[in-house]
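Peer 1: below is the structure, and that's it, no one-letter string:
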């Protein structure tokens, strides 16, 4: 039975789609919009952090939890993804403040930062829910 669109809630695995979308959006912004002098140092780091966030989120999602070791590995990957997203947030703010773009070439900072903030919120909420789930299951 389908659920009306207005009554749908966010999936618990939405963090994975968000990480994928964030990496793609970041790739577009870093390859096309950044001036050449900023691509090597700032844009490359920004993209690397977005890719690492997606990789760690995907790694966490690929672990099937059977025991406490698996639960800890999954939480470790989620923690790494949270660290990557926080570092990404800082690097984007540095680029926003210090990189000079040509007229009309600057990325839409509000959209980009909004995607990062949403992904950070999803990752933190997922990690918190996973901790509670593992406590109830006796893995922690």
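Peer 2: Nice, thanks for sending it over. Quick caveat: nothing in here was measured; it's all calculated off a predicted structure.

Peer 1: what helices and strands are in contact with the lengthiest helix in the chain?
Peer 2: Across the chain, the helix with the greatest residue count (assigned by DSSP state H) is helix 68-98. Counting by 3 or more Cβ pairs under 8 Å, 6 or more residues apart in numbering; DSSP states H and E, the packing neighbours recorded for helix 68-98 are helix 14-32, helix 44-62, helix 109-137. C-beta coordinates here come from the backbone N, C-alpha and C atoms, glycine included.

Peer 1: deepest-packed of these, please.
Peer 2: Using mean count of other Cβ atoms under 10 Å, the stretch among these with the largest mean neighbour count is helix 44-62, at a mean of 20.

Peer 1: what's the angle between it and helix 109-137?
Peer 2: 30 degrees (axes from the mean of the first three to the mean of the last three Cα atoms, to 10 degrees).

Peer 1: need the helices and strands packed on helix 68-98 in JSON lines with mean pLDDT and distance to residue 79, can you?
Peer 2: As requested, these are arranged in JSON lines below (pLDDT from 0 to 100; distance: least, Cβ to Cβ, whole Å):
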{"stretch": "helix 14-32", "mean pLDDT": "92", "distance to residue 79": "13"}
{"stretch": "helix 44-62", "mean pLDDT": "96", "distance to residue 79": "8"}
{"stretch": "helix 109-137", "mean pLDDT": "95", "distance to residue 79": "7"}
